[in-house]
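**Student:** how does the following fold in three dimensions:
(one chain, ligands or ions: 1)
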Amino acid sequence: MGSVVVKDLIKKYDDVVALKNVNLDIKEGEFFALLGPSGCGKTTTMRCIAGFEDPSSGDIFIGDQKVNHVPPNKRNCGMVFQSYALFPHYNVFENVAYSLVVRELYNGGLMTKIKNFALLMSRRLAKPSEHIEKKVRDALKYVELEPYAERAVSELSGGQQQRVALARALVMEPSVLLMDEPLSNLDKKLRNTMRSTIRRIQQDVGITTIFVTHDQEEAMSMADRVAVMKDGEVIQIASPTELYSQPKTSFVADFVGSSNIFQGNVKKSEKTHTIVKFGDIVLKSNFNTNKNDVNVMIRPESIELFANGASTDGENVIEGEVIISTYLGSQIRYDVKVGMYEFMVDKTYEPGVPVLESGEKVKLKINPERVLLI
Ligand SMILES: Nc1ncnc2c1ncn2[C@@H]1O[C@H](COP(=O)(O)OP(=O)(O)OP(=O)(O)O)[C@@H](O)[C@H]1O
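**Tutor:** Sure thing, here's the model as predicted:
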């Protein structure tokens with residue numbers, strides 16, 4: 001059983017409260033991301049689950065077992081770190097086989113002969129049992145490194161080294177895989193490839209995976225569910241789509257994708273809609289609220305943009321002026337000034353359609369469905 005439950009977890013380091021009251025309920029087979037800015041407590045949460053840190057209070061369950069007092073090597077967690085932590089003097093096969101050989105020696109009662117450990121290890125690694133040989137070859141096949149089995153790890157690229165680290169964790173058949181910023185040492189292109197590799201392997205193996213990252217794109221593209229953390233607390237747990245479309249706080253809205261967020265006042269509140277005002281701008285939202293002061297959130301791609309002169313009917317049409325346009329490949333980001341406010345607006349780039357220039361007058365139209373109140 002590979003479910004993980006974290007209950008009322010508090011972790012203090014003297015005066016520093018790293019985790020205030022973290023609760024997680026991670027299902028078996030789920031790919032779960034811990035996302036948040038530097039220092040929010042992601043690694044501490046992970047280290048408590050792995051058993052490298054003792055909680056100040058609270059409980060941790062892996063499967064049905066409460067593991068608070070279970071040592072790390074008995075928790076059946078595989079770990080992959082940002083630094084690959086491979087053995088430089090062993091080749092790819094030997095790195096992946098290492099822990100299996102240690103376990104075999106330990107179970108055979110041979111680990112007591114510590115004096116001969118290095119010799120024993122190198123012999124067993126050079127001529128592993130059939131059972132270990134098969135497991136390692138299978139793990140290398142998973143990460144598509146079978147042809148590299150005999151290669152020195154120093155002769156591998158960063159992405160390949162990270163795949164060795166992944167194979168080394170998987171070969172032990174852990175019930176939970178813990179990954180702490182595993183892709184942050186890789187360049188952007190390789191990171192994207194590795195994201196799909198990890199996701200594919202995770203789905204094939206069906207292993208419960210907890211993935212720590214500060215990169216929202218990474219979390220959103222890989223995880224089934226994401227916990228957004230801030231200052232030692234979990235702010236929201238949701239699927240990537242829910243997190244994006246229904247952020248609970250402006251922190252989440254801002255951290256997960258870009259958003260226009262304005263402090264507004266509620267002018268009228270009905271069951272079906274709300275009228276909000278900020279500065280001279282009045283907008284209709286199809287959400288209701290019982291508050292007087294709200295944060296009005298609108299995603300840049302939810303705003304339609306029309307050149308001045310275009311006829312635009314309907315609700316929520318406001319006039320502004322382009323401050324700057326930025327070409328982003330498939331999209332153009334327009335910063336548009338409306339009174340004292342600036343709106344970010346994303347428009348799909350269409351070849352042949354001229355990009356609007358700074359100073360051009362435009363109209364913005366915002367569907368009330370897309371005006372969130374948080
Ligand atoms: N051993 C320690 N002693 C004292 N404070 C610590 C220790 N480990 C972590 N902290 C503090 O706990 C808080 C959470 O740290 P943690 O490493 O979990 O954050 P993080 O979200 O993983 O950050 P990053 O993305 O930078 O790795 C931080 O304020 C950090 O300074």
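
**Student:** tell me the secondary structure at residue 40.
**Tutor:** What DSSP: H, G, I helix; E, B strand; the rest coil gives for residue 40 is coil.

**Student:** one more: the one 3 residues further on?
**Tutor:** When states are read from three-state DSSP, the local structure at residue 43 comes out as helix.

**Student:** ok, now the one 5 residues further on?
**Tutor:** Each residue gets one of three states, and residue 48 gets helix by three-state DSSP.

**Student:** tell me who's in contact with it.
**Tutor:** Counting by CB atoms under 8 Å, 6 or more residues apart in numbering, residue 48 makes contact with 6, 9, 11, 19, 54-55, 60. C-beta here means a position set from N, CA and C on the backbone, and glycine is covered the same way.

**Student:** and the residues you listed as TSV, adding pLDDT, secondary structure and distance to the ligand?
**Tutor:** Putting those into TSV (pLDDT from 0 to 100; DSSP: H, G, I helix; E, B strand; the rest coil; distance: CB to the nearest ligand atom, whole Å) gives the following:
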residue	pLDDT	secondary structure	distance to the ligand
6	98	strand	14
9	98	strand	12
11	98	strand	8
19	98	strand	8
54	96	coil	12
55	97	coil	13
60	98	strand	15
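
**Student:** run through the residues that contact the residue nearest in space to the middle of the chain.
**Tutor:** Nearest to the geometric centre of the chain sits residue 219, at 2.2 Å (CA atoms, centre = their mean). Contacts for residue 219 (CB under 8 Å, 6+ apart) come out as 33, 35, 211, 213, 226, 240.

**Student:** that one belongs to a helix?
**Tutor:** Yes - assessed with three-state DSSP, residue 219 lies in a helix.

**Student:** one step back: of the contacts of residue 48 - the most surrounded one?
**Tutor:** Neighbour tally across the contacts of residue 48 (other CB atoms under 10 Å): the maximum, 27 neighbours, falls on residue 19.

**Student:** might you calculate how far the helix or strand bottoming out on mean pLDDT in the chain sits from the centre of the chain?
**Tutor:** Lowest on mean pLDDT, DSSP states H and E among the helices and strands of the chain sits helix 117-126, with a mean of 80. Per CA atoms, centre = their mean, to the nearest Å, the displacement of helix 117-126 from the mean C-alpha position of its chain is 39 Å.

**Student:** helices and strands around it, which ones?
**Tutor:** helix 92-107 (3 or more CB pairs under 8 Å, 6 or more residues apart in numbering; DSSP states H and E).

**Student:** what lies in contact with the helix it packs on?
**Tutor:** 86-87, 90, 111, 120-121, 124-125, 128-129, 132, 135-136, 139-140, 145, 148-153, 156, 164, 167-168, 171-172.

**Student:** that helix vs helix 117-126, what angle?
**Tutor:** 120 degrees (axes from the mean of the first three to the mean of the last three CA atoms, to 10 degrees).

**Student:** fine by me, thanks again.
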